[in-house]
Structures are given as structure tokens and as C-alpha cells.
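Engineer: Provide a 3D model corresponding to the input given below.
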Amino acid sequence: MNNTAFNISEKSGGARKNWQSLRTDGFPIITIIIATYNVEKFLPQTIRSIREQSYPYVQLIIADGDSKDGTIELLKQNEDCIDFWFSEKDKGIYDAWNKALRYIQGDWVIFLGAGDEFASNKALDQIAPYLSRAFPEHELVFGNAIFVSKEKSVVIEKKERSWSEMKGKWVFFRPELPDHATVFQHKSMFTSAEPFNTNYLIAGDTEFLLRSLKRKEPYYCPVDVSKVLYGGLSATLNNFWNMYKEICRINKDLEINPPFVHWLVTITKLILKLSFYKMLPKNAANKVLDMCRVVQGLQKRWSVE
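Structural biologist: Below you'll find the predicted structure:
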């Protein structure tokens, strides 16, 4: 258990439960961490999803980056559901995560984005038995992700691939990984002061997972864990090039060498996508890109509202 004192200030609050007294053998405490900044539009659906979970041993921590909209009021209104929240300037999402990790009381930690939801109100109930038996053989446990559109929550695609299906595959210049919003990390992984490298602005979670997987393989559970908003920080076309540069740095640091054929095909696709995005209006570019996906037998992604 983390014994760090809570940061009590005008811009902090929460239920602050006595988790030691609530511990029950066989039922792991799950800590959920959300980094927020001006997300009053999307955060309510995430909090509602957490409220509706039938699993009772859930600690919610929200690290806000000094929001200027109605996010702070929203946090205050939901303090019965939020174990601890604080609001202060940060250097980005991974800095916020590192700060939040000082207050974890759970056995396992999952990171959600504002707007993400659990796949059902039984999601944590279904994953808990797997968490109970995973450690110490596994430090990472993951399930299925359902990607939905940002505006209307239309299902775009579902990722339900076991580790054996991912292992050895390559995606966007690096090994294929579970989606971070479906990954539960054991508390033992967060003993250092800054588990996430804040030098990365987009791919810090990727670097963390790749580094972690060098130690132990993850444990896959056939459970639908999260509905993830498609169009996050690393998914937008505007950030593709920055993402590429960060992945190249990670590969160099971790001595990861993608196959040349994968590199060539992916860089060609990246250049074409960026070209469409620069030459055409956004909506038109999105439709063209989705036409290319349909021709390849893939589902539409970019033009789904």
C-alpha cells in the first residue's frame, strides 16, 4: 500500500476511504487513474461508467491539469465516487499519471482517458478473478478493447487478440501491444518516482509497456474491458509524424528493430495519409482514407462520427 500523504489544498478532494479496513482476501482492489484537462464534455460518461460497476473494490484517482472549464466543479460534485482528486499544472498526461501514482491504494492499476468507459457494468467483476491469480507470474493483465467514435459512440472496431496472436506482429514501427485502456498493471511496477518517462509527450504509455514486456509476458483475459474513444492524442492524423519520431526514439533506447518491409510499408502509408490531410479538407480526407481501408477489407475509422 502507498502511504503517501494526500495533497490537501483548495484544488483537491475526494472520499479518501480507509482501504486497509476494506481489504478482503481474494478480492483485489483496483485503482483507476484518469488524467484530465478541460474535459467537462467527456468526463461525465466515464464517471458514470465507474459508478455503475458492480465490483465494489474500486479506487478512483483523477489528476487534473488545472482545468479552466467546468471540470473542477464536476469533480467536486462526484466526490462520493472519486477517492482522491487534485488539480495543478503539469507537463502532460504522463507527468499527471506519475503524480497520481503516489496515491494508489489498489493492487492493480488501470489508466482511462476522459470519455472512455468500461464495456459493461460487470467488466471489473469479470476481470477480478484473473487479477487474483495473475501475480507474481504476470505483472500485466489485459482484455478486449472496443473502439468507439468520439461524437456518437458508434462502434468502429473491436480488438480481441490474445498475446499469442500479437506476439511477433508489428504495428506502426513497433511490436503490437494491448491497448493501454484495457491493461491492468500490478502495483509492484510503480515503485520508482517516475514510472512513465515524461520526455515522451504521446508515446509514454507505449514506452512503459514495451519496457515492461522485456521482463514478463502479459496475461490475456477474454473479457471486454473498455470502450475507448477513437481519436485520442496518439490517434489523430496531426500527431502521426510526432508519434513516428517518438517511436523511433523508443526503438533506439530499447534496441527494438522493426523489419525493413514493415518500416517501408508503414512509412509509405504515413506519407500518403499526411498528404491527403494536407491537400484535402478534413472531412474529404477522412472519407478518402476510409475508402482505402474498405478496399483492404477493414472497417471505416476516420469518417465515423
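Engineer: against residue 20, how distant is residue 303?
Structural biologist: 50 Å (C-beta to C-beta, to the nearest Å). Where you see a C-beta, it was placed from the backbone N, CA and C, and this is true even at glycine.
Engineer: compare the two (neighbour count), which wins?
Structural biologist: Per other C-beta atoms under 10 Å, whichever of residue 303 and residue 20 has more neighbours is residue 303, with 17 against 8.
Engineer: grab the nearest non-local neighbour of that one.
Structural biologist: Once flanking residues are discounted, residue 303 sits nearest to residue 286: 4.2 Å by C-beta to C-beta, 6 or more residues apart in numbering.
Engineer: give me the contact list for the host helix or strand of that neighbour.
Structural biologist: For residue 286, the element it lies in under DSSP states H and E is helix 282-295. Outside of helix 282-295, the residues that reach it under the criterion C-beta atoms under 8 Å, 6 or more residues apart in numbering are 237, 273, 276-277, 279-280, 299-304.
Engineer: can you rerun that using 6 Å?
Structural biologist: Taking contacts as C-beta atoms under 6 Å, 6 or more residues apart in numbering, the residues outside helix 282-295 that touch it are 276-277, 300, 302-303.
Engineer: which residues in the protein form helices?
Structural biologist: Along the chain, counting by DSSP state H, helices occupy 19-22, 43-51, 71-77, 93-100, 123-134, 163-166, 204-213, 240-254, 260-279, 282-295.
Engineer: just the buried positions in the second one, please.
Structural biologist: Using 16 or more other C-beta atoms under 10 Å as the test for burial, helix 43-51 gives 43, 45-47, 49-50.
Engineer: measure residue 72 to residue 12 for me?
Structural biologist: 10 Å.
Engineer: what do you get for residue 245?
Structural biologist: Here the distance between residue 245 and residue 12 works out to 35 Å (C-beta to C-beta).
Engineer: out of these two, which sits in the more crowded spot?
Structural biologist: Between residue 245 and residue 12, counting by other C-beta under 10 Å, residue 12 is the more crowded of the two (16 against 12).
Engineer: that one against residue 87, yeah?
Structural biologist: No: counting by C-beta atoms under 6 Å, residue 12 sits too far from residue 87 to count as a contact (7.0 Å).
Engineer: what comes up buried for the lengthiest strand in the chain?
Structural biologist: Ranked by number of residues, the top strand in the chain under DSSP state E is strand 219-229. Of the residues in strand 219-229, those buried under the neighbour-count criterion (16+ other C-beta under 10 Å) are 219-221, 223-229.
Engineer: remind me what that strand packs against, helices and strands.
Structural biologist: With contacts taken as 3 or more C-beta pairs under 6 Å, 6 or more residues apart in numbering; DSSP states H and E, strand 219-229 sits against helix 123-134, strand 140-148.
Engineer: please identify the most buried of these.
Structural biologist: Each of these was given a mean neighbour count from mean count of other C-beta atoms under 10 Å, and the largest, a mean of 24, is that of strand 140-148.
Engineer: buried residues in the least confident helix or strand in the chain by mean pLDDT?
Structural biologist: Of all the helices and strands that make up the chain, the one with the lowest confidence by mean pLDDT, DSSP states H and E is helix 282-295; it has a mean of 84. If you call a residue buried by 16+ other C-beta under 10 Å, then helix 282-295 has these buried ones: 285-290.
Engineer: how far away from the center of its chain is that helix?
Structural biologist: Centroid separation between helix 282-295 and its chain, computed with C-alpha atoms, centre = their mean, to the nearest Å, is 26 Å.
Engineer: JSON lines for the buried residues of helix 43-51, including distance to residue 132?
Structural biologist: Below are the buried residues of helix 43-51 laid out as JSON lines (distance: C-beta to C-beta, whole Å):
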{"residue": "43", "distance to residue 132": "30"}
{"residue": "45", "distance to residue 132": "29"}
{"residue": "46", "distance to residue 132": "25"}
{"residue": "47", "distance to residue 132": "26"}
{"residue": "49", "distance to residue 132": "22"}
{"residue": "50", "distance to residue 132": "20"}
